[in-house]
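[1] show me how the following folds:
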Amino acid sequence: MQKQLCQNPRTKAQPSRVQRTRHTTALKHLLSYTCAGALFLVAMGTKASDILIENIVGYTHTQANATALAQQFSALLIRDGRVVTTKPEEINAQVNANTQRIDGKGQILLPGLIDAHGHIEGLAQLLNSVDLRNAPSAAAAAEQVQAFAKNRPEGQWIVGRGWNQERWPGKAFPTTQTLDALALKRPIILERVDSHALWVNSQALAIAGIDATTPDPAGGQIVRDSEGRATGILIDNAMSLVTRHLPKAQPAEQARSLDLAFEHLLSQGITGVHDAGIDQPMIDQLTARAKTKRCRCGCMACSMVQALA
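    Next comes the predicted model:
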């Protein structure tokens, strides 16, 4: 079963994208709301709320004989958050001294994109963790962890993802010592780029009760040194020995993570997402956001539990 979520006046009008450029925050968010796959025509007349985005290379689509055709325009007139027209003669007849003008500086403007297979909750978690994909070494990854921890509440677990020892000098797995040297006094769990291994510090091992006597779980491995001590690398099913102790995110933290996810999607010109797998608690959160107009990106959620019920 699919549920259409986050339908409010802003998300029904498909937002737009300024592609591959760095505009001001105001322009970026303005465009994310206004340009749609089809232009909305509203009553003519000049209002103080009119906004004209000009000097752009804009594209939208028209439907002709069941074939989508690209239509180019150089200016976009907006009123009350919706597109009025892109036709030069209609724009000229309506703009005046009260019209707010924004110079697009010749950049490309596209209709908002819809991701046909996404995972909003996963994206939210990723954006709320340390991104280690570009770390060139274990030491560099640890430095990123330390910088990230400075902006996290005291005692909160540090979670990260993306490290890959195959790209590091020596290609050896990292160990607890590198993370312990940070002296952060909090658990650290860092997932490998392929999600098949965890790199953790000694505090995380202690919370999980992992020591030299802990057996490898079925389908998993606790990597050990020559004396049988856990090195801090947990493979496959051994990962759950630590991850099951992760504290459940509080509502405020979940809300903050979702804010980050939607902001990121909009910054990339993605104005709608089909979530390919979602549980009831997340459906409830997104529905609540729609009702309070806190959801700025359209979402179609597929609940696998409901689909199989």
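[2] what about Lys87, neighbour count?
    Residues near Lys87, counting by other CB atoms under 10 Å, number 13. (Each C-beta comes from the backbone N, C-alpha and C, glycine too.)
[3] ok, now how distant is it from Leu76?
    10 Å (CB to CB, to the nearest Å).
[4] mind listing the strands for the stretch 51-200 of the chain?
    Ranges of strands within the stretch 51-200 of the chain are 51-64, 67-79, 82-85, 100-103, 108-111, 113-118, 130-131, 158-163, 188-192, 197-200, based on DSSP state E, counting those that start in this stretch.
[5] looking at those strands, spot the one closest to Gln285.
    Gln285 sits nearest to strand 113-118 of all the strands of the stretch 51-200 of the chain, at 15.7 Å, using CB to CB.
[6] Provide the strand pairings for that closest one, with the direction of each partner.
    Here strand 113-118 is paired, per DSSP bridges, with strand 270-275 (parallel).
[7] may I have the strand it pairs with as CSV, with CA atoms only?
    Once non-C-alpha atoms are left out, strand 270-275 reads as follows in CSV (Å, rounded to 0.1, in the frame of the first residue of the first chain):
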residue,chain,number,x,y,z
ILE,A,270,14.9,17.0,-5.4
THR,A,271,11.4,18.1,-4.5
GLY,A,272,9.7,14.7,-4.1
VAL,A,273,10.8,11.2,-2.9
HIS,A,274,9.3,7.8,-3.2
ASP,A,275,10.5,6.1,0.0
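[8] numbering from 36 from now on, please.
    Taking 36 as the first residue, the last one we looked at is strand 305-310.
[9] buried ones in that strand, by neighbour count?
    Using 16 or more other CB atoms under 10 Å as the test for burial, strand 305-310 gives Ile305, Thr306, Gly307, Val308, His309, Asp310.
[10] just stretch 246-254 next, same as before
    So for stretch 246-254, counting by 16+ other CB under 10 Å, buried means Asp251.
[11] other residues contacting it?
    Leu240, Ile257, Arg259, Glu262, Gly263, Arg264, Ala265, Asp271, Asn272, Ala273, Ser275, Leu276 (CB atoms under 8 Å, 6 or more residues apart in numbering).
[12] list the contacts for the first one?
    Right, the one you point to is Leu240. Neighbouring residues of Leu240 by CB under 8 Å, 6+ apart: Thr211, Asp246, Ala265, Gly267, Val277.
[13] one more time with 7 Å, if that's ok
    Neighbouring residues of Leu240 by CB atoms under 7 Å, 6 or more residues apart in numbering: Thr211, Ala265, Gly267.
[14] give me the pLDDT for the nearest residue to the last one once chain neighbours are set aside.
    Closest residue to Gly267 in three dimensions, ignoring its sequence neighbours and counting by CB to CB, 6 or more residues apart in numbering: Thr211, at 3.5 Å. Predicted confidence (pLDDT) for Thr211: 98.
[15] ranges for the helices of the protein?
    Counting by DSSP state H, the chain has helices at residues 44-47, 60-69, 123-129, 155-162, 173-184, 211-215, 237-243, 275-278, 286-302, 315-326, 339-343.
[16] nearest to Leu148, of those helices?
    Leu148 lies closest to helix 286-302 among the helices of the chain, at 9.2 Å (CB to CB).
[17] the closest one to helix 315-326, inter-axis angle?
    70 degrees (axes from the mean of the first three to the mean of the last three CA atoms, to 10 degrees).
[18] now do helix 286-302, average pLDDT.
    pLDDT averaged over helix 286-302 gives 87.
[19] could you find the closest non-adjacent residue to the residue lying farthest from the centre of the chain?
    Farthest-out residue of the chain from its mean C-alpha position, per CA atoms, centre = their mean: Glu262, at 42.4 Å. Computed as CB to CB, 6+ apart, the closest residue to Glu262 that is not its neighbour in sequence is Ala247, at 7.5 Å.
[20] got the phi and psi for the one you found?
    Here is the backbone geometry of Ala247 (degrees, to the nearest 10): phi -70, psi -20.
[21] ok, now how distant is it from Ala128?
    With distances taken as CB to CB, Ala247 is found 81 Å from Ala128.
[22] same thing with Ile137?
    Ile137 sits 19 Å away from Ala128, going by CB to CB.
[23] same deal with Thr248?
    When distance is defined by CB to CB, Thr248 is 82 Å away from Ala128.
[24] quick one: contacts for the residue nearest in space to the middle of the chain?
    Centroid-nearest residue in the chain, with CA atoms, centre = their mean: Ala296, separated by 3.3 Å. Neighbouring residues of Ala296 by CB under 7 Å, 6+ apart: Ile155, Leu158, Ala159, Leu162.
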